[in-house]
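S.K.: please work out how this folds:
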Amino acid sequence: MLRQPGLLLLMLIGPLCIFAHASVLNLAPFRMRELLPDAGSWATGLLYVPAFICSLLGIFSKKIMRLLHGEMRTIRCGVLLFLASVPSLLPSSPLSLLLAIFGMTTGFVLVYTTLPGVVNRMSLAEKNMTNGVYLSVYYTFSALGTWLPVMVYSHFGIVSYVLCLTGVFALALSLVRKNLTINL
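M.R.: The predicted model follows:
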């Protein structure tokens, strides 16, 4: 499976996205405290409302894929939404942070609901093996995303953190572009 041309690179798109998404959701309370030192748990908890709302987009994933004319275009749109939302982490505004989480979660749902099906159909290996490898890499990146970028943030600040996430999404976008012509 790992020797199949292009499959491994395609499989990395989802893990790169969860890496950054987990990072932002983990960073959100710390960033909120930085922006509003008196913010309580209620205000911080509100930051996660967009994640819940956007998760409902998964219900409409087939309609969204039709609207965007295919799976790889849907994945590209998701990664672009992620990338476009990253600068919203920079302003010193809780509303901007909320909008960043909303945009990133929307992008995440588009990738999350679409990519596994593409990977499974493209893979020539047994589906259980494909799923096992994909999920192992996916959750490894999720775990790494909860602390590696936050370490960048705590040591070098928000600008370095945003540059780190921008690099992750630029890499994911380049992988999408390499696979944009997949027609399954």
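S.K.: rest of the way, CA atoms for contacts and neighbours
M.R.: Will do.
S.K.: from the chain's centroid, how far away is the one helix or strand A143 maps to?
M.R.: Using DSSP states H and E, A143 falls within helix 127-156. Distance of helix 127-156 from its chain centroid, counting by CA atoms, centre = their mean, to the nearest Å, is 11 Å.
S.K.: buried stuff in that helix?
M.R.: 130-131, 134-135, 137-138, 141-142, 144-150, 152-153 (16 or more other CA atoms under 10 Å).
S.K.: check contacts around the closest residue to A84 other than its chain neighbours.
M.R.: Nearest non-adjacent residue to A84, counting by CA to CA, 6 or more residues apart in numbering: G103, 7.8 Å away. G103 makes contact with L81, F82, A84, S85, according to CA atoms under 8 Å, 6 or more residues apart in numbering.
S.K.: most neighbours, which of those?
M.R.: F82 (29 neighbours; other CA atoms under 10 Å).
S.K.: so that residue is in which element?
M.R.: Residue-wise, F82 maps onto helix 71-85 under DSSP H and E.
S.K.: in this protein, what spans have low per-residue confidence?
M.R.: For the chain, the stretches flagged by pLDDT under 70 are 180-184.
S.K.: 90 instead, please
M.R.: The model of the chain has pLDDT under 90 over residues 1-10, 30, 33, 38-61, 121-122, 127, 131, 150, 173-184.
S.K.: shouldn't C17 be in contact with A172?
M.R.: Yes: assessed by CA atoms under 8 Å, C17 is found in contact with A172 at 7.3 Å.
S.K.: more neighbours, these two?
M.R.: The neighbour comparison of C17 against A172 (other CA under 10 Å) goes to C17, with 31 against 25.
S.K.: now the more buried one, what's its secondary structure?
M.R.: Three-state assignment for C17 (DSSP: H, G, I helix; E, B strand; the rest coil): helix.
S.K.: can you report how many residues neighbour the nearest residue to it once chain neighbours are set aside?
M.R.: With sequence-adjacent residues excluded and distances taken as CA to CA, 6+ apart, C17 is closest to F108, at 6.6 Å. Residues within reach of F108, counting by other CA under 10 Å, total 26.
S.K.: what about F108, distance to E71?
M.R.: 14 Å (CA to CA, to the nearest Å).
S.K.: G107 versus S142, what's the distance?
M.R.: For S142 relative to G107 (CA to CA), the value is 16 Å.
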